[in-house]
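In: return atomic coordinates for the entry below.
(chains A and B)
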Amino acid sequence: MFDWLSPWVFLQTMLRVAVVWLAFYGAGKLLRKPLRIDRAFPLLPSEIVGMLAFVILTVPLSLLGMLNRSVCPATLVLLAIPGALFTYGELRDRLPLRNPGLLNILLGGFLVFVLLLSFTNASMPNLAFDDPLITYAVQPDRWLNRGRIYWLEETVFSGFPLLYEMTSVWPASLSTDRMNQLSVLQVFQMSMLVLAVFRGLSILGVKRKLWIPVATIVFLTTLMYIWPAKAKTDTMALLFCTLAMVSAVRQRERNFTGSPLTSWLYMGMTLATKQTAIVTLVPFLLYSAGNFLKYSLKWKALALAALMAIPGVYAVRTVLKTGSPVYPVYPINSMLREGWDFNGPEENRLLNDRASFIYQQRSFPIMKHIGIHFAYMEGNFLLFLAGIATVLFLRRWGDALLAVPVLVYCAAAIVVFWPPWWGSKYAILLYPFIAILGARLLQRSKAGTAVALLLIIPSFIIPGFIAVAGDQRPFAYRRTVTESILMGRWQSERGYGMWLSTPEGMTQMWANSALPSNAVIFSIHEEKRYFFDGTVVVGWRHPLGQRLYLENSLEEEMAVLDGLGVTHVGFYRTDPAPLEQERRLVILDHVGIGELLEPLIMVDGGYLICSYRGNQIINPDASQ
Amino acid sequence: MEGARLFAQCFNILLVTLINPLFLFPDSVDLVIRNELQSTSITSIHYLVAGSGRMRDAGLRGSIPPGESASLTLPFRFMDRIVFLTDSKGNYRNMSIALSPMVDTIAVSRADREFGGLFDVIMGDRPYIIHNRTPVPITGIILHGDGLPVESLIGPNPLMTDETLFLWLDTDSLAFTAIDIEGNRTMPFEIRRVGIAAVASIRISAFLAGSAKPDGALWVINGINGESITGIEVYPLYDEPFFLDLGEAALSLWQSAAVQYAGEVEHIVCVDTMGRTYSIGKPDQHTEAFVADWWHLDFDFGFPERRR
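Out: Predicted structure coming up:
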């Protein structure tokens, strides 16, 4: 279980992720000329071309039942060879021959140190955070088990656009076991942040001497330490969103000639990765609208096609299954097929609505909410402010206008993801772009580089040693994680725990060894499913399971469980459901030996797994 | 826990002795109890004033049918818990209640059920506290003594590992037997009360009928309900590992085996009938035996196609 706590495993994980990127890059380089990528999408780098090629490749492999842990790694390694050769050639040509100077060496060394903090953190499997263990790491894992992409009937999240999942199949296929798979996927996400920053700086034409300060500031940001270290869609959406924004700004410039489709394709890829990224359309359209109106009808159609092509594929797939193109987030209810109505129980809706009375202790004055939103951005916002101040001082009004879409986006994000203490995590998609745009504006001044360098200091000191707006990851914590991994032993003396798991997660690890693989666990509230080979139906998240939470008779509740083929039911022993939801769950009157729900094991922390004996109670012969 | 209890006690003393002479607060308050249970009547109500250690009867007259309410008068104190007994199985409770000097209403619903953690059986006002410290569910607790119920105290809902039964009973001593999920009985426990509370822990040793660790050997006990141990791998600290095949003599629950090895051991691995393994690093401090139980089951993180 603690295999990941080792420098060698960390290096192996980094190597696996490097192989994936080399394969993407190799494939992209090989396809670039024959597909005339430069003509249609001149701002699309080879690794993204390769990534898309690999995503497309999952379809025939899936149809042939060959999307497995043998064919995928072989394909990756095969294409990583040309990727490594291309990379070597490029590095040889591009590395500067002159002495970099002491300051650059120091700054470069500090950036490597900051990257080490982030990547070691990403390599630590996060067993406490729900989302990857509910769906994002689950779907690639299950597909690889079966050799094909399929709709997981027990989870509504199969209705999501799946660009992240289809990409993640590739790094996942290189992992040694499920624990290592989480680690690889997390490091893969962190590597996307590196790509977002440096490709963004490159596309937007930011001077090279600003690259290290900007990258350092982005990686020091607390939320950029936390979220890209999770095996979920956010960082991939952040990558595409950053590239969409920088491409849109780049395509506005007078000296840009060629096809303007790249930014539209990137924006489509963002939407095909994360449904809630739709808010980033606001700044994107503000940057793109002026040019779009000047396009000919043909280019307008092509731009819209580039935007809609990839998310459209997923929308069609979801329509065919559920009736609504966007499911389960913001489904079009009138289009939903029978049985796909999605009405979570009132208690769960209240819990998920952070503006509800449950969270009234955090109902701050509006100015504080706005302050929280901007404070979360930390150094990125400082760069942005410095950039705006620079162009305003220089009276470069055209440049200053570039800040407007960002501010409009912030207003939209505050409103849509209200309240900001919770919703700011959805706004991170623009953080690197905000920093990059700030650097771009800052470089108009001769003192720009010095200012960027100075901004590293508060970006490091304030979140590292003083205070942050949300969850803290002070320097002492980051150092503990990195030292623990590099020394192969958790450094508990500094007082930080590993947060290794939660009871329901441990229960599934137990269940995977103890219960038959065809078992179906109905979870009354908790959502994790990653570690269990069998099926976990999260009742309140499942269109069929939700009927259990209505006012029912015991027979009706049993019919719901029987209809789902449930063999076990899981809940916290002392508090089975949130708020007072137990009022409606008649079946909870029947917990006991010889009863409908027979307690099997209670894992540390009080999570209980019961055998569901509905069939045996109704028909005693069935138990023989 | 002790700190909280002490705080509550001090708070109550402060309230009664210092502030109450000023007549700022009443001695007692009215409380309305509304029964929101379906087809279950509340038959009696008991309360435990924080720090007092005694479960008092609230003096409910008659019962409260579903959908109806009744009024009670309770002392104006911080309540550790109020327990509602019903005419069907299972108790209901409210924990940590600061009563209001105004008339409060407590609605009793299924959300208040004693689902687990701790259970109350109320036959008096002083507690016997019984912990399950075994790795298996305890399904029965039988009292011995004249005038005491002959059936199990705990009904169908078992006392899971680390859960606690509060038996409120006004005797100065108690004898009982615990029954595990496979029907095994402990030797009779006898507890004598010192002060208000008396505590008993049901441990593995209670099921071993006096067996003890053999000298110069490792002792391995099966603590897994519903599963037998068929083999034991011993990983000595310095010598080569070795495997003991139990063959026909597979250990069922609470059976034990002595492994003749006198050196230090890094860990042992027990293998069950399905080939699952249980790695145990150190012996149980009470029995000095390596106890295989569900908590030592080794997790398998391997992908299905590579599963051993």
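
In: wait, A:Gln472 touches A:Ile226, no?
Out: No: with contact defined as C-beta atoms under 8 Å, A:Gln472 does not count as touching A:Ile226 (9.8 Å). Every residue, glycine included, has its C-beta placed from N, CA and C.

In: tell me which of those two has more neighbours.
Out: Neighbour count, other C-beta atoms under 10 Å in any protein chain shown: between A:Gln472 and A:Ile226, A:Ile226 has more, with 20 against 13.

In: could you say which helix or strand holds the more buried one?
Out: Element membership of A:Ile226, judged by DSSP states H and E, is helix A:222-226.

In: which helices and strands sit right next to that helix?
Out: Judged by 3 or more C-beta pairs under 8 Å, 6 or more residues apart in numbering or on different chains; DSSP states H and E, helix A:222-226 is in contact with helix A:102-122, helix A:431-442.

In: could you dump the ones you listed to CSV with mean neighbour count, distance to A:Glu338 and mean pLDDT?
Out: As requested, the helices and strands packed on helix A:222-226 are exported to CSV (neighbours: other C-beta atoms under 10 Å in any protein chain shown; distance: least, C-beta to C-beta, whole Å; pLDDT from 0 to 100):
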stretch, mean neighbour count, distance to A:Glu338, mean pLDDT
helix A:102-122, 17, 43, 97
helix A:431-442, 29, 42, 98
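
In: excluding chain neighbours, give the residue nearest to A:Ile217 in space.
Out: With sequence-adjacent residues excluded and distances taken as C-beta to C-beta, 6 or more residues apart in numbering or on different chains, A:Ile217 is closest to A:Gly379, at 3.8 Å.

In: on the three-state scheme, the residue of chain B found nearest chain A is what?
Out: Using C-beta to the nearest C-beta, B:Pro156 is the residue of chain B that sits closest to chain A, at 2.8 Å. Here B:Pro156 is recorded as coil under DSSP: H, G, I helix; E, B strand; the rest coil.

In: tell me which residues touch the closest residue to it other than its chain neighbours, please.
Out: Spatial nearest neighbour of B:Pro156, chain neighbours left out: A:Gly592 (2.8 Å); criterion: C-beta to C-beta, 6+ apart. When contacts are counted by C-beta atoms under 8 Å, 6 or more residues apart in numbering or on different chains, A:Gly592 is found next to A:598-599, B:89, B:155-158.

In: hmm, 7 Å instead?
Out: B:155-158 (C-beta atoms under 7 Å, 6 or more residues apart in numbering or on different chains).

In: quick check on it: phi, psi?
Out: Main-chain torsions, A:Gly592, degrees, to the nearest 10: phi 160, psi 170.

In: grab the nearest non-local neighbour of the residue of the stretch 1-150 of chain A found nearest chain B.
Out: Using C-beta to the nearest C-beta, A:Asn145 is the residue of the stretch 1-150 of chain A that sits closest to chain B, at 5.4 Å. Counting by C-beta to C-beta, 6+ apart, B:Pro304 is the residue found nearest to A:Asn145 once chain neighbours are left out, at 5.4 Å.

In: you'd agree the one you found is up against A:Gly147?
Out: No: look at B:Pro304 against A:Gly147 with C-beta atoms under 7 Å: they stay out of range, at 11.3 Å.

In: with neighbour numbers in mind, choose between these two.
Out: For B:Pro304 versus A:Gly147, neighbours defined as other C-beta under 10 Å are more numerous around A:Gly147 (19 against 14).

In: quick check: pLDDT value at the more buried one.
Out: The model reports A:Gly147 with a pLDDT of 97.

In: can you list the residues of chain A near chain B?
Out: By C-beta under 7 Å from any C-beta of the partner chain, the residues of chain A that approach chain B are A:1, A:69, A:145, A:177-179, A:509-510, A:512-514, A:533, A:573-574, A:576, A:580, A:582-583, A:588-589, A:591-595, A:599, A:601-602, A:606, A:608.

In: the residues you listed in helices, which ones?
Out: Among the residues of chain A next to chain B, the members falling in helices (DSSP state H) are A:145, A:178-179, A:509-510, A:512-514.

In: for ChimeraX, what selects the buried ones among the residues you listed?
Out: Remark: buried members of those, expressed as a ChimeraX selection using 16 or more other C-beta atoms under 10 Å in any protein chain shown:
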select /A:178,179,509,510,512,513,514
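
In: so A:Ala172 sits right up against A:Val187, yeah?
Out: No: using C-beta under 7 Å, A:Ala172 makes no contact with A:Val187, being 11.7 Å away.

In: list residues touching both of these two?
Out: With C-beta under 7 Å, 6+ apart, A:Ala172 and A:Val187 have no common neighbours.

In: that older thread, for the contacts of A:Gly592, give me a markdown table that also has neighbour count.
Out: Putting the contacts of A:Gly592 into a markdown table (neighbours: other C-beta atoms under 10 Å in any protein chain shown) gives the following:
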| residue | neighbour count |
| --- | --- |
| B:Gly155 | 17 |
| B:Pro156 | 17 |
| B:Asn157 | 23 |
| B:Pro158 | 24 |
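
In: of those residues, just say which sits nearest to A:Pro345.
Out: B:Asn157 (24.6 Å; C-beta to C-beta).

In: from memory the closest one sits against A:Val591, does it?
Out: Yes: using C-beta under 7 Å, B:Asn157 is in contact with A:Val591, at 5.7 Å.

In: okay, now the residue nearest to A:Ile217: neighbour count?
Out: By other C-beta under 10 Å, 29 other residues sit near A:Gly379.

In: got a list of what it touches?
Out: A:Gly379 is in contact with A:217, A:220-221, A:455, A:458-459, counting by C-beta under 7 Å, 6+ apart.

In: pLDDT score for it?
Out: A:Gly379 is assigned a predicted lDDT (pLDDT) of 97.

In: how much does the helix or strand harbouring A:Leu195 deviate in direction from helix A:431-442?
Out: Here A:Leu195 sits within helix A:178-203, counting by DSSP H and E. Angle of helix A:178-203 versus helix A:431-442, following axes from the mean of the first three to the mean of the last three C-alpha atoms, to 10 degrees, is 20 degrees.

In: report the distance from helix A:178-203 to the chain centre.
Out: 10 Å (C-alpha atoms, centre = their mean, to the nearest Å).

In: next one: stretch A:54-73
Out: Shown here is stretch A:54-73, whose average C-alpha point lies 22 Å from the average C-alpha point of the whole chain (C-alpha atoms, centre = their mean).

In: and that stretch, end to end?
Out: 12 Å (C-alpha to C-alpha, to the nearest Å).

In: neighbouring contacts of it?
Out: Counting by C-beta under 7 Å, 6+ apart, A:24, A:27, A:143-144, A:147-149, A:163, A:166-167, A:169-170, A:173-174, B:303, B:305 sit against stretch A:54-73.

In: any buried residues in that stretch, and which?
Out: So for stretch A:54-73, counting by 16+ other C-beta under 10 Å, buried means A:54-55, A:57-58, A:61-62, A:67-69, A:71-73.

In: I'd like the next helix or strand past the helix or strand of chain B with the lowest mean pLDDT.
Out: Every helix and strand in chain B was compared by mean pLDDT, DSSP states H and E; the lowest is helix B:2-13, with a mean of 66. Downstream of helix B:2-13, the next assigned helix or strand under DSSP H and E is strand B:28-35.

In: just checking, what packs against whatever helix or strand comes next after that next one?
Out: Toward the C-terminus, strand B:28-35 is succeeded by strand B:42-49 as the next helix or strand (DSSP H and E). Applying 3 or more C-beta pairs under 7 Å, 6 or more residues apart in numbering or on different chains; DSSP states H and E, we find strand B:42-49 packed against strand B:28-35, strand B:55-57, strand B:69-75, strand B:78-86.

In: angle of strand B:42-49 against strand B:28-35?
Out: Going by the same axes, to 10 degrees, strand B:42-49 makes 140 degrees with strand B:28-35.

In: list the buried residues for strand B:42-49?
Out: B:42, B:44-49.

In: same question, stretch B:148-156
Out: By 16+ other C-beta under 10 Å, the buried positions in stretch B:148-156 come out as B:152-156.

In: turn the residues you listed into a markdown table, including pLDDT.
Out: Shown next, in a markdown table, are those (pLDDT from 0 to 100):
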| residue | pLDDT |
| --- | --- |
| B:Ser152 | 94 |
| B:Leu153 | 92 |
| B:Ile154 | 92 |
| B:Gly155 | 88 |
| B:Pro156 | 92 |
